[in-house]
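Trainee: here are the coordinates; sequence isn't available:
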Ligand SMILES: [Zn+2]
């Protein structure tokens with residue numbers, strides 16, 4: 001992979017990737033301390049792609065950027081509903097009275113999350129973390145922590161324009177095609193420009209870090225990893241000269257190598273789990289198999305979700321079985337289909353389905 005030598009955008013400034021395509025960054029108060037956002041120039045205004053967290057600091061940075069644009073904002077495109085992407089979509093669309101463009105699942109998930117009642121029973125959450133094998137004290141700490149989506153996402157408009165896989169946006173005579181990916185979020189929109197060979201990949205394809213592919217308490221029987229691996233494949237067909245503009249880290253060339261690297265990364269984790277589950281293991285037992293670093297704070301939530309997405313993948317592919325023990329904790333055991341013909345007990349390294 002190559003990293004073209006674009007200067008990192010300073011706070012409140014933009015870097016021109018090419019005429020009509022600007023890169024900017026906003027700070028995030030997390031381990032991952034920034035997000036990349038983009039501006040696409042049309043004849044009569046700019047499209048904003050992703051918006052940063054809904055905080056006063058991000059608003060101030062946007063105000064500086066808007067004051068330096070010679071054309072107005074004409075629309076906001078949000079790749080997916082995570083707070084660092086959608087956080088200020090409502091504020092920008094309200095300020096400029098312009099449309100919000102999103103896929104259906106991402107838009108309505110965001111609207112639902114903005115209206116979660118603080119009074120709702122959290123039994124689903126408790127059950128999810130208990131079944132994963134976390135101790136009762138940790139479960140309570142997680143369930144009662146977190147300020148919620150609405151604390152970092154400004155109210156989103158009550159109308160939107162729907163993006164579908166394969167839709168084409170024409171911006172300044174150039175065709176930007178919507179390519180939907182799933183797994184990191186339900187219906188994540190990427191944008192590929194046929195004329196420029198530029199891909200805005202959002203969080204679906206990132207360099208250096210692997211996007212979180214998680215199964216969370218809202219859909220504990222989901223198969224997010226299968227969706228992710230299958231929706232990575234169409235990106236292998238894009239031109240090798242494609243410049244990828246991701247939502248984190250820096251722009252890169254070498255899309256095919258990165259896609260195959262991500263597929264290999266997950267295959268490796270699946271195989272490591274098959275090895276570990278030769279004897280029954282819980283999700284918590286399996287965490288060290290996938291994560292070398294010590295997990296603290298909210299990272300344990302992401303880690304449990306990522307581990308569960310892999311175990312569910314193996315479960316629905318009949319490679320592991322699942323039972324529940326007397327403490328209400330799921331136990332996963334590898335189904336050893338190769339026992340008769342392979343003396344090493346090594347699981348099959350080839351996945352024909354991914
Ligand atoms: Zn995301």
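Mentor: Done, it's in. The model shown is predicted, which means the values in this text are computed figures rather than measured ones.

Trainee: for the rest of this, base every contact and every neighbour count on C-alpha atoms.
Mentor: OK.

Trainee: separation between residue 252 and residue 245?
Mentor: For residue 252, the distance to residue 245 (C-alpha to C-alpha, to the nearest Å) stands at 7 Å.

Trainee: among these two, which residue is more densely surrounded?
Mentor: residue 245 (25 against 19; other C-alpha atoms under 10 Å).

Trainee: so what strands line up beside the helix or strand containing the more buried one?
Mentor: Element membership for residue 245, per DSSP states H and E: strand 243-246. Within its sheet, and counting by DSSP bridges, strand 243-246 is paired with strand 198-202 (parallel), strand 252-253 (antiparallel).

Trainee: ranking these by burial, who's on top?
Mentor: Of those, the one with the most neighbours on average (mean count of other C-alpha atoms under 10 Å) is strand 198-202, at a mean of 24.

Trainee: ok, and what's touching the helix or strand following it?
Mentor: Per DSSP H and E, the first helix or strand lying C-terminal to strand 198-202 is helix 224-232. Helix 224-232 is contacted by residues 180-184, 213-215, 259, 263, 309-310, 313, 354 when judged by C-alpha atoms under 8 Å, 6 or more residues apart in numbering.

Trainee: now, which of those residues sits nearest residue 278?
Mentor: residue 310 (15.5 Å; C-alpha to C-alpha).

Trainee: can you give me the helices in the chain?
Mentor: 56-68, 83-86, 89-96, 104-113, 123-132, 136-143, 224-232, 255-276, 283-290, 299-316 (DSSP state H).

Trainee: can you redo those helices as CSV with distance to residue 39, mean neighbour count and mean pLDDT?
Mentor: Shown next, in CSV, are the helices of the chain (distance: least, C-alpha to C-alpha, whole Å; neighbours: other C-alpha atoms under 10 Å; pLDDT from 0 to 100):
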stretch, distance to residue 39, mean neighbour count, mean pLDDT
helix 56-68, 10, 15, 96
helix 83-86, 14, 25, 97
helix 89-96, 13, 19, 98
helix 104-113, 20, 17, 96
helix 123-132, 38, 18, 96
helix 136-143, 37, 13, 93
helix 224-232, 25, 21, 98
helix 255-276, 21, 18, 97
helix 283-290, 36, 18, 96
helix 299-316, 30, 22, 97
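
Trainee: will you turn these into JSON lines that also has distance to residue 336?
Mentor: Output for the helices of the chain, formatted as JSON lines (distance: least, C-alpha to C-alpha, whole Å):
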{"stretch": "helix 56-68", "distance to residue 336": "52"}
{"stretch": "helix 83-86", "distance to residue 336": "42"}
{"stretch": "helix 89-96", "distance to residue 336": "49"}
{"stretch": "helix 104-113", "distance to residue 336": "38"}
{"stretch": "helix 123-132", "distance to residue 336": "23"}
{"stretch": "helix 136-143", "distance to residue 336": "33"}
{"stretch": "helix 224-232", "distance to residue 336": "21"}
{"stretch": "helix 255-276", "distance to residue 336": "9"}
{"stretch": "helix 283-290", "distance to residue 336": "18"}
{"stretch": "helix 299-316", "distance to residue 336": "12"}
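
Trainee: residue 326: which of the ones you listed is closest?
Mentor: helix 123-132 (10.8 Å).

Trainee: shouldn't residue 322 be in contact with residue 331?
Mentor: Yes: using C-alpha atoms under 8 Å, residue 322 is in contact with residue 331, at 5.5 Å.

Trainee: pretty sure residue 42 sits against residue 171.
Mentor: Yes: using C-alpha under 8 Å, residue 42 is in contact with residue 171, at 5.1 Å.

Trainee: any idea how far the spatially most central residue of the chain lies from residue 22?
Mentor: Centroid-nearest residue in the chain, with C-alpha atoms, centre = their mean: residue 184, separated by 3.5 Å. As for residue 184, its distance to residue 22 is 25 Å (criterion: C-alpha to C-alpha).

Trainee: follow-up on the earlier one: now the residue nearest to the centre of the chain: closest residue in space that isn't a chain neighbour?
Mentor: Closest residue to residue 184 apart from its sequence neighbours, by C-alpha to C-alpha, 6 or more residues apart in numbering: residue 213 at 4.8 Å.

Trainee: look at that neighbour and say how many residues are nearby.
Mentor: Residues near residue 213, counting by other C-alpha under 10 Å: 27.

Trainee: for it, give me the pLDDT.
Mentor: For residue 213, the model assigns a pLDDT of 98.

Trainee: close enough to count as contact, residue 258 and residue 201?
Mentor: No: the pair residue 258 / residue 201 is not scored as a contact, 11.8 Å apart, by C-alpha under 8 Å.

Trainee: about what we covered before: what's near enough to touch the residue nearest to residue 184?
Mentor: 183, 184, 224, 225, 228, 305, 306, 309 are the contacts of residue 213 under C-alpha under 8 Å, 6+ apart.

Trainee: which outside residues touch the strand holding residue 245?
Mentor: Strand 243-246 is contacted from outside by 36, 197-203, 205-207, 251-255, using C-alpha under 8 Å, 6+ apart.
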